[in-house]
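Q: need a structure here:
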Amino acid sequence: MNLLIYHNEPELFKDLADYIINIAKESIREKDSFNFVLTGGNSPKKLYQLLATSYKDQLDWSKVFFFFGDERNVPQNHESYNGLMAKNSILDPLQIAADHIFYVNTALEPERAAIEYTKAIVSHFNDADLSFDLILLGMGDDAHTASLFPGTRILDNHQVEVDSVFVDKLDTYRISFTAPLINKAKNIAFLVFGDAKAEAIKHVVDDQEKNPALYPSQLIWPVDGNITWFIDNQAASLLAN
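A: Coordinates of the predicted model:
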């Protein structure tokens with residue numbers, strides 16, 4: 001595990017953008033494509049805008065395929081739909097072709113949406129190993145990541161797939177990558193900032209005895225890949241030295 005701690009958000013976002021571009025370039029050199037899984041919520045918006053502006057000319061974006069690690073069970077034009085934020089902040093500005101973007105179809109029932117998203121991923125990988133080049137993750141102050149929330153059924157799903165999950169605390173369904181699917185990635189990057197995340201970070205990173213039912217981000221550990229945490233001083237404030 002690589003833990004990187006930053007004094008401010010601009011430094012963090014610049015380093016993370018450089019990291020993404022470097023992995024993308026290497027992947028494109030090796031196999032002429034880059035499979036990139038985006039994270040939702042508000043945290044990555046500035047990162048996406050940075051990639052779509054300052055980094056626009058640093059990569060052949062026509063070779064990038066975009067996926068979503070989780071999605072909210074709302075219409076695709078709803079302000080909370082993760083795909084809409086990404087569409088507005090990075091996908092449209094970079095003029096990404098529609099067949100290079102894998103949105104979750106929330107017009108379907110959650111269980112069916114998860115099944116169809118799994119099928120779309122399998123088809124894209126042409127039945128090869130489902131190993132994404134880079135999965136970007138965030139983390140909530142309850143230590144959830146993607147839609148792997150504490151105490152939810154999906155935490156016990158050991159299949160490499162996308163699954164639907166009902167989150168009691170939110171009284172809604174989500175569609176999410178399972179931990180085993182995330183852990184097959186070649187690279188995983190967590191983006192976490194703010195003092196509200198400090199307690200969760202401490203448990204996820206420092207706890208010797210793991211309790212993923214309470215701190216789901218502890219489940220994320222790539223089988224044969226790299227994991228890097230990009231966090232700010234506030235989020236890191238409770239970590240052991």
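
Q: any idea what L51 is structurally, helix, strand or coil?
A: With DSSP: H, G, I helix; E, B strand; the rest coil as the basis, L51 sits in helix.

Q: Spit out the contact partners of it.
A: By Cβ atoms under 8 Å, 6 or more residues apart in numbering, the contact set of L51 is A17, I20, I21, I90, L94. C-beta: built from backbone N, CA, C; applies to glycine.

Q: buried stuff in stretch 111-130?
A: Judged by neighbour count (16 or more other Cβ atoms under 10 Å), stretch 111-130 contains these buried residues: A113, A114, I115, Y117, T118, A120, I121, H124, L130.

Q: ok, the nearest residue to P93 once chain neighbours are set aside - how many residues close by?
A: Nearest-residue entry for P93: A52, 3.9 Å, with adjacent residues in sequence omitted and distances by Cβ to Cβ, 6 or more residues apart in numbering. Per other Cβ atoms under 10 Å, the neighbour tally for A52 reads 19.

Q: cool, F193 as well?
A: Other residues lying near F193 total 21 when counted by other Cβ under 10 Å.

Q: For the closest residue to it other than its chain neighbours, which residues count as its bridge partners?
A: Excluding its sequence neighbours, the residue lying closest to F193 (Cβ to Cβ, 6+ apart) is D232, at 4.1 Å. Counting by DSSP bridges, D232 is bridged to Y6.

Q: D232 against F13, yeah?
A: No - in this structure D232 lies outside contact range of F13 using Cβ atoms under 8 Å: 10.2 Å.

Q: Could you check the pLDDT of the closest residue to S54 other than its chain neighbours?
A: Computed as Cβ to Cβ, 6+ apart, the closest residue to S54 that is not its neighbour in sequence is A17, at 7.5 Å. Here, the pLDDT recorded for A17 equals 98.

Q: For A17, pull up the helix or strand it's in.
A: Using DSSP states H and E, A17 falls within helix 9-31.

Q: go on, Q76?
A: Short version, using DSSP H and E: Q76 is in no helix or strand.

Q: ditto for Q159
A: Following DSSP H and E, there is no helix or strand that holds Q159.

Q: right, and it touches P180 too?
A: Yes - in terms of Cβ under 8 Å, Q159 counts as a neighbour of P180; the distance is 6.4 Å.

Q: Could you check which of the two is surrounded by more residues?
A: P180 (15 against 10).

Q: What is the neighbour count of the closest residue to that one other than its chain neighbours?
A: Nearest residue to P180 in three dimensions, chain neighbours excluded: V160, at 4.8 Å (Cβ to Cβ, 6+ apart). Here the count is done by other Cβ under 10 Å, and V160 has 19 residues near it.

Q: Could you tell me which ranges of this structure sit under the pLDDT cut-off?
A: Of all residues in the chain, none has pLDDT under 70.

Q: Please list all residues in contact with the residue nearest to P93.
A: By Cβ under 8 Å, 6+ apart, the neighbours of A52 are S89, I90, P93, L94.

Q: Would you write a PyMOL line that selects the buried entries of those?
A: A single PyMOL command selects the buried members of those (16+ other Cβ under 10 Å):
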select buried, resi 89+90+94
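
Q: what's the closest of the contacts of A52 to V64?
A: Within the contacts of A52, distances to V64 taken as Cβ to Cβ reach their minimum at L94, with 8.4 Å.

Q: still on that earlier bit, name the nearest of the contacts of L51 relative to W221.
A: I20 (20.5 Å).

Q: quick one, what contacts that closest one?
A: Contact analysis of I20 by Cβ under 8 Å, 6+ apart lists F36, L51, L134, L136, A189.
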